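Colleague: got a predicted structure plus its sequence, pasted below:
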Amino acid sequence: MAQSAVSPKTDSLITPVPLKTIAPWALFGGILMLVLLYFVGAEQGAVSVVSGEGVHEWLHDGRHLLGFPCH
């Protein structure tokens, strides 16, 4: 029986993405997550950036789902 040698194709190897390419997107994602965390978790009462109850009412169910007290 003849055995066939399996050799990897050099043109299909996965190349790593440089950190300089990933860093701006990671920073943007981190800032976006902090802003969302603020609005879901702290946008009410004395530390409110937006006046009124609008943001609180829009995010009310999400607060309870994530375990943030709001009453």
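Modeller: Looks like it came in fine. Residues are numbered from 1 along each chain as shown.

Colleague: residue 59: neighbouring residues, count only.
Modeller: A count of neighbours around residue 59, defined by other C-beta atoms under 10 Å, yields 20. Yep, even glycine has a C-beta here, placed from its N, CA and C like the rest.

Colleague: mind checking how far the residue nearest to it when sequence neighbours are not counted is from residue 49?
Modeller: In this structure, residue 59 finds its nearest non-sequential neighbour in residue 40, 5.3 Å apart by C-beta to C-beta, 6 or more residues apart in numbering. According to C-beta to C-beta, to the nearest Å, residue 40 stands 13 Å off from residue 49.

Colleague: who's more crowded, those two?
Modeller: residue 40 (17 against 9).

Colleague: hmm, that one is touching residue 63, no?
Modeller: Yes: using C-beta atoms under 8 Å, residue 40 is in contact with residue 63, at 6.0 Å.

Colleague: what's the helix or strand for the residue nearest to residue 59?
Modeller: Here residue 40 sits within helix 19-41, counting by DSSP states H and E.

Colleague: buried residues, that helix. List them.
Modeller: 39-41 (16 or more other C-beta atoms under 10 Å).

Colleague: and it, how far out from the chain middle?
Modeller: Relative to the centre of its chain, helix 19-41 is centred 6 Å away, using C-alpha atoms, centre = their mean, to the nearest Å.

Colleague: which SSE is immediately downstream of it?
Modeller: Next helix or strand after helix 19-41 toward the C-terminus (DSSP H and E): helix 54-58.
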